[in-house]
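predicted model and sequence below, questions to follow.
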Amino acid sequence: MNNQVQLGLKENWKQFTLLVIVNGFVGGMVGMERSILPRIAEKEFAIAAKTAILSFIIVFGIVKAITNYYTGTLANKFGRKNLLVAGWVIGIPIPFLLMFAPSWSWIIAANVLLGVNQGLTWSSTVVMKIDLVGEKQRGFAMGLNEFAGYIAVALVAFLTGWIASKYGIRPYPFYTGIVLVVLGLFSSIFLVKDTKHHVAKETVTNTIPRLMNIFWDTTWKDKNLGSVTQAGLINNLNDGMAWGIFPILLATKGFTIGEIGIVTAIYPAVWGIGQLFTGKMADKFCKKDMLYVGMLLQAIALIVLVWANTMLHFIILSSILGWGTAMVYPTFLATVAENTNPQDRAKSIGIFRLWRDLGYAIGAILTGIIADLISINAAIIFIGFLTLVSSLVIRFRMRCKTGGSLKIWDWITGKHKRIAGTENTSMLCAGRLNPLLTG
């Protein structure tokens, strides 16, 4: 069977394209509630405390993080496809709970199920795409995967915001969730194929040693893996803050729910579309540089955000935040894959995603506490400085892969061309001198 299996994006484009589409359905499930749940908390359930409003993100983040870990651990045992289908089955009640919730506890219950749904489905599609493409195009593969997921977040966030402004915040915006679950479940059952044979094929030729302790090496001990993991946690920490605080911040500045829908959609839209480019960049450039610059841009956008007042300010800063996130998101997963043996990969990605998605919960808790005790602006600045520290950890702890990766600064300044020119001249001189030396 291994002789018939081929690795590569071109060789597996049909299954890869299908998984990209399925991941679009997965992302749409999150987008469904992104722009309107904080408003439901305030308007329908009269919840004023920021910590209480953000409780749905806290629950979602913790449950998704734990599910990511077990998806990675169980992927080799039960198969990627089976976990993907299970994730969609668990997602069936979510839109109905959100539509008919008589109390906030129902919203929390829906987000418990959403966390399991996202952990199983998103993790499965990520690992399956990495299995299919092999070593050379992982960054591009992850860029396409995350593009599909987050452009769907943006589109559905905008759509539900628009529907809410026209027809009310319940139940009509959540009809989109019913469509997404049906499409995701049936395509996963009848069209998606498992990738276990691709894993076996790559394992034969892979030279990366197995990790001694996958959990601790991925969490911190390995310099590259540990740097990626802490950055993933901080990235989702600030995304959790943006998810919960942006709609509230914009509402306090007098923006309408339609305008809030536009601004909250721009950030994941730039993030999503940007990954079509940054994923390919991650295959070309040093991954350390991609991660450092991306986290630094996020930090700058968040710190400056507190002085924003106009729609234009928020659109520009949301775009910078989105581009910074686009630079790191596909690079995270490509870096984990680059630094792990195929047999360790699913579990290592699961551990990375455990810590990364715990960032949602930690970000929501920190943001809620600081916003309630001091102010929303204080919470945003604090999260911005944490993101800055994370970028510095990458700057001083990570290492570029030797051979084949281009430094971003060398590319900007044209230094790589001068070096290549010098090498070519040296080789030419050596060729001319060689007959004299050997004649």
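Perfect, I can see it now.

for this protein, give me the ranges with low pLDDT.
Where the chain drops to pLDDT under 70, the residues are 1-3, 49, 402-405, 415-439.

can you map out the strands along it?
Ranges of strands in the chain, per DSSP state E: none exist.

can you tell me the centre-most residue of it?
Y329 (4.7 Å; Cα atoms, centre = their mean).

surely that one meets W271?
Yes - assessed by Cβ atoms under 8 Å, Y329 is found in contact with W271 at 7.1 Å. C-beta coordinates here come from the backbone N, C-alpha and C atoms, glycine included.

name the nearest residue to the residue nearest to the centre of the chain, sequence neighbours excluded.
Distances taken as Cβ to Cβ, 6 or more residues apart in numbering place E146 nearest to Y329, at 4.9 Å, with adjacent residues excluded.

same question, L37
L37 sits nearest to F56 (Cβ to Cβ, 6+ apart), 6.0 Å away.

ditto for A48
Per Cβ to Cβ, 6+ apart, closest to A48 is E42, 7.1 Å.

wait, the one you found sits on I53?
Yes - E42 is in contact with I53 according to Cβ under 8 Å; the separation is 7.0 Å.

phi, psi of the residue lying closest to G79 once chain neighbours are set aside?
Closest residue in space to G79, ignoring its immediate chain neighbours: D194 at 4.9 Å, by Cβ to Cβ, 6+ apart. The phi/psi pair for D194 (degrees, to the nearest 10) reads phi -70, psi 160.

hmm, back to that, roughly how far apart are the residue nearest to L37 and V199?
36 Å (Cβ to Cβ, to the nearest Å).

go on, F158?
From F158 to V199 the distance is 37 Å (Cβ to Cβ).

could you do D344 as well?
Between D344 and V199 the computed distance is 11 Å (Cβ to Cβ).

tell me which of the two has more neighbours.
More neighbours surround V199 than the other of D344 and V199, with 24 against 21 (other Cβ atoms under 10 Å).

which residues does the more buried one contact?
76, 131, 342-343, 345 (Cβ atoms under 8 Å, 6 or more residues apart in numbering).

can you tell me which of those residues end up in helices?
Counting by DSSP state H, the contacts of V199 place 76, 131, 342-343, 345 in helices.

name the nearest of those residues relative to L317.
Nearest to L317, judged by Cβ to Cβ, of the ones in helices among the contacts of V199 is R345 at 35.7 Å.

that closest one touches I130, doesn't it?
Yes - R345 is within contact range of I130, at 6.7 Å (criterion: Cβ under 8 Å).

can you list residues touching both of these two?
Common neighbours of R345 and I130 (Cβ under 8 Å, 6+ apart) are A337.

which positions in stretch 188-200 come out as buried?
For stretch 188-200, burial by neighbour count (16 or more other Cβ atoms under 10 Å) applies to 188, 192-196, 198-199.

likewise for stretch 280-299?
280-283, 285-299.

so how far is it off the chain centroid?
Offset of stretch 280-299 from its chain centre (Cα atoms, centre = their mean, to the nearest Å): 14 Å.

equivalent analysis for stretch 241-254, please.
Relative to where its chain is centred, stretch 241-254 has its mean C-alpha point 21 Å off (Cα atoms, centre = their mean).

re the thing from before, ok, the residue nearest to L37 to W88 distance?
The value you get for F56 to W88, if Cβ to Cβ is used, is 21 Å.

gap between the nearest residue to T340 once chain neighbours are set aside and E42?
Of all residues not flanking T340 in the chain, S348 sits nearest, at 4.6 Å (Cβ to Cβ, 6+ apart). According to Cβ to Cβ, S348 and E42 sit 40 Å apart.

which of the two has more neighbours?
Legend: neighbour count by other Cβ under 10 Å for S348 and E42, higher for S348 (24 against 15).

so that one sits right up against L333, yeah?
No - S348 lies out of contact with L333 (Cβ under 8 Å); the separation is 10.3 Å.

and the residue lying closest to K287 once chain neighbours are set aside, how many residues sit next to it?
Among residues not flanking K287 along the chain, T335 sits closest, at 4.7 Å (Cβ to Cβ, 6+ apart). By the measure other Cβ under 10 Å, the count of residues near T335 is 29.

hang on, T335 packs against L291?
Yes - counting by Cβ under 8 Å, T335 does reach L291; the two are 7.4 Å apart.

intersection of neighbour lists for the two?
V228.

sorry, back to before: pull up the overlap in contacts between E42 and I53.
With Cβ under 8 Å, 6+ apart, E42 and I53 have common neighbours I248.

give me the distance between the two termini of stretch 82-99.
28 Å (Cα to Cα, to the nearest Å).

right, I mislabeled it, should have said stretch 250-259
End residues of stretch 250-259 are separated by 9 Å (Cα to Cα).

show me the buried residues of stretch 188-200 that map onto helices.
Using DSSP H, the members of the buried residues of stretch 188-200 that fall in helices are 188, 196, 198-199.

buried ones in stretch 338-350?
338-350.

and of those, the nearest to I315?
The closest of the buried residues of stretch 338-350, once distances to I315 are taken by Cβ to Cβ, is I349, at 33.5 Å.

the closest one contacts S124, correct?
No - contact criterion Cβ under 8 Å: I349 and S124 do not qualify, at 10.6 Å.

next one: phi and psi at T340?
Torsion angles, degrees, to the nearest 10, at T340: phi -130, psi 150.

put the alpha carbons of stretch 212-219 into PDB.
Extracted in PDB, the C-alpha atoms of stretch 212-219 (Å, rounded to 0.1, in the frame of the first residue of the first chain):
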ATOM      1  CA  MET A 212      12.100  11.700  24.800                       C
ATOM      2  CA  ASN A 213       9.200  13.200  26.600                       C
ATOM      3  CA  ILE A 214       6.700  14.600  24.100                       C
ATOM      4  CA  PHE A 215       4.700  16.600  26.600                       C
ATOM      5  CA  TRP A 216       7.600  18.500  28.300                       C
ATOM      6  CA  ASP A 217       9.600  18.800  25.100                       C
ATOM      7  CA  THR A 218       6.700  20.400  23.300                       C
ATOM      8  CA  THR A 219       5.700  22.500  26.300                       C
END
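
list the buried ones in it?
214-215, 217-219.

right, and the pair among the residues you listed with maximum separation?
Farthest pair in the buried residues of stretch 212-219 (Cβ to Cβ) is I214 and T219. Separation: 9.3 Å.

what do the two both touch?
In contact with both I214 and T219: I351, using Cβ under 8 Å, 6+ apart.
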